[in-house]
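**Q** Quick one, fold the following:
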Amino acid sequence: MMTASSQPYTRDSLAAAILDRFGADARFFTCSAEGMTAAELISFFESKGKFMPVPGGFAFNPDRACQH
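**A** Model (predicted):
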């Protein structure tokens, strides 16, 4: 979703976009974690360095994407 978008996000705008697209009951998983809420997913990505700063917020850093 973030990669397809050309807009920067803040924590709040990303959480709102995730909730709008997937709903409040959605849970997310990665290769190393599962059952995360939107807020937990954002925190997880931040902790793993998956976001890069851009003017107006951050974007997904494709160089940090898992390739497995």
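**Q** center of this structure, which residue is that?
**A** In the chain, the residue lying closest to the centroid (CA atoms, centre = their mean) is residue 42, at 4.8 Å.
**Q** what packs against the helix or strand that one falls within?
**A** Residue 42 belongs to helix 38-47 when elements are defined using DSSP states H and E. Here helix 38-47 touches helix 11-22, going by 3 or more CB pairs under 8 Å, 6 or more residues apart in numbering; DSSP states H and E. C-betas here are computed from N, CA, C, even on glycine.
**Q** who's in contact with the helix it packs on?
**A** Residues from elsewhere that reach helix 11-22 (CB atoms under 8 Å, 6 or more residues apart in numbering): 1-2, 9, 26, 38-39, 41-42, 57.
**Q** what's near enough to touch the residue nearest to the centre of the chain?
**A** With CB under 8 Å, 6+ apart, residue 42 has these contacts: 11, 14-15, 18.
**Q** Would you check how far apart it and residue 18 are?
**A** In this view, residue 42 and residue 18 are 8 Å apart by CB to CB, to the nearest Å.
**Q** still on that earlier bit, just the C-alphas of the helix or strand just after the helix holding residue 42, formatted as CSV.
**A** The helix or strand immediately downstream of helix 38-47 is strand 51-54, counting by DSSP H and E. Extracted in CSV, the C-alpha atoms of strand 51-54 (Å, rounded to 0.1, in the frame of the first residue of the first chain):
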residue,chain,number,x,y,z
PHE,A,51,10.6,3.7,7.0
MET,A,52,12.7,6.5,5.5
PRO,A,53,12.3,10.2,6.2
VAL,A,54,10.8,12.2,3.3
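**Q** So what's the residue count around residue 9?
**A** By other CB atoms under 10 Å, the residues close to residue 9 number 22.
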